[in-house]
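# Here is a sequence with its predicted model. Questions after.
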Amino acid sequence: INKRPAIAATRAAYKALGKEPNRYRPSSEALCRRIVKGMELYFISDLVDLINVVSVASGYSIGGFDADKIAGDTLSLGAGREGEDFEAIGRGQLNISCMPVYRDEVGGVGTPTSDNERTKLSDDTRRLLMCINVYGEEMPVDNTVALATRLLEEYCSATDIKVTTYR
C-alpha cells in the first residue's frame, strides 16, 4: 500500500517536513489498509463516504470541510507548528507538528491524516469544500475531480460545483 505513487509521495512529504509517516499515516493509506485487512470502511454520511471512496480509488488523502464553518475567505497550506492545537475527528488532540496543515483564520482545519472537529461535515452541511492532497500523481487530477464531481451529483444531489486547482 505504501508503494502506491500517491501514498508514497504523501509519506515523502511527511518525512521532508520531519514527521514519521508510520506513526501518522495519511488517511488514504489508513483506508486502504482497512480494506486489505478485510475490515469494513466506516459508514458515516454520504459526503464523508464519497470522499473516502475517491481517496481509496485515487490514493490521495482528501479533506472534506463544511465551507460554512471555515473562518475567513481563504485557506493556507503550511507546516504544523509544535504545540499547535488540533482536535482531530474521532481522535482528540493530534500532534500536527511537521505535518502539512490547511488553516483558516482560526487555525488548522485539516491534514492528510485527519480533519478537524471544528469544520467537519455533518448532516447539516450544505456547502462542501474538498481539498485533494496531490503530492505525487497516481490517478490524473482531472480524473479524480471528475470522479468526485460525478459522485457528488449522483449520490448527494450536488449542484453549482466549482472546481479550482492549484498546481
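Perfect, I can see it now. Residues are numbered from 1 along each chain as shown.
# Low-confidence regions, the protein specifically.
167 (pLDDT under 70).
# isn't residue 136 right up against residue 8?
Yes: counting by Cβ atoms under 8 Å, residue 136 touches residue 8, with 6.7 Å between them. The way it works is simple: take the backbone N, C-alpha and C, and place the C-beta from them, glycine included.
# With neighbour numbers in mind, choose between those two.
residue 8 (19 against 16; other Cβ atoms under 10 Å).
# Surely the more buried one is within a helix?
Yes: counting by DSSP: H, G, I helix; E, B strand; the rest coil, residue 8 is part of a helix.
# How about it, nearest residue that isn't a chain neighbour?
residue 2 (6.2 Å; Cβ to Cβ, 6 or more residues apart in numbering).
# For the helix or strand harbouring residue 132, which helices and strands make contact with it?
Element membership for residue 132 (DSSP states H and E) is strand 128-133. In terms of contacts (3 or more Cβ pairs under 8 Å, 6 or more residues apart in numbering; DSSP states H and E), strand 128-133 is packed against helix 46-58, strand 61-66, helix 141-156.
# any idea of the angle that strand forms with helix 46-58?
In terms of direction (axes from the mean of the first three to the mean of the last three Cα atoms, to 10 degrees), strand 128-133 departs from helix 46-58 by 20 degrees.
# Which strands border strand 128-133, and is each parallel or antiparallel?
Here strand 128-133 has these sheet partners by DSSP bridges: strand 61-66 (antiparallel).
# now the partner strand, how far from the centre of its chain.
From the chain centre to the centre of strand 61-66 is a distance of 4 Å (Cα atoms, centre = their mean, to the nearest Å).
# could you point out which element follows that strand?
strand 76-79.
# Now do the SS call for the spatially closest residue to residue 25 that is not a sequence neighbour.
Residue nearest to residue 25 in three dimensions, not counting chain neighbours: residue 113, with 6.5 Å by Cβ to Cβ, 6+ apart. Under three-state DSSP, residue 113 falls in the coil class.
# which residues touch residue 113?
Contacts for residue 113 were tallied using Cβ atoms under 8 Å, 6 or more residues apart in numbering; they are 24-27, 30, 61, 88, 94, 99.
# before we move on, what about residue 24?
Here residue 24 is in contact with 14, 94-95, 99, 113 (Cβ under 8 Å, 6+ apart).
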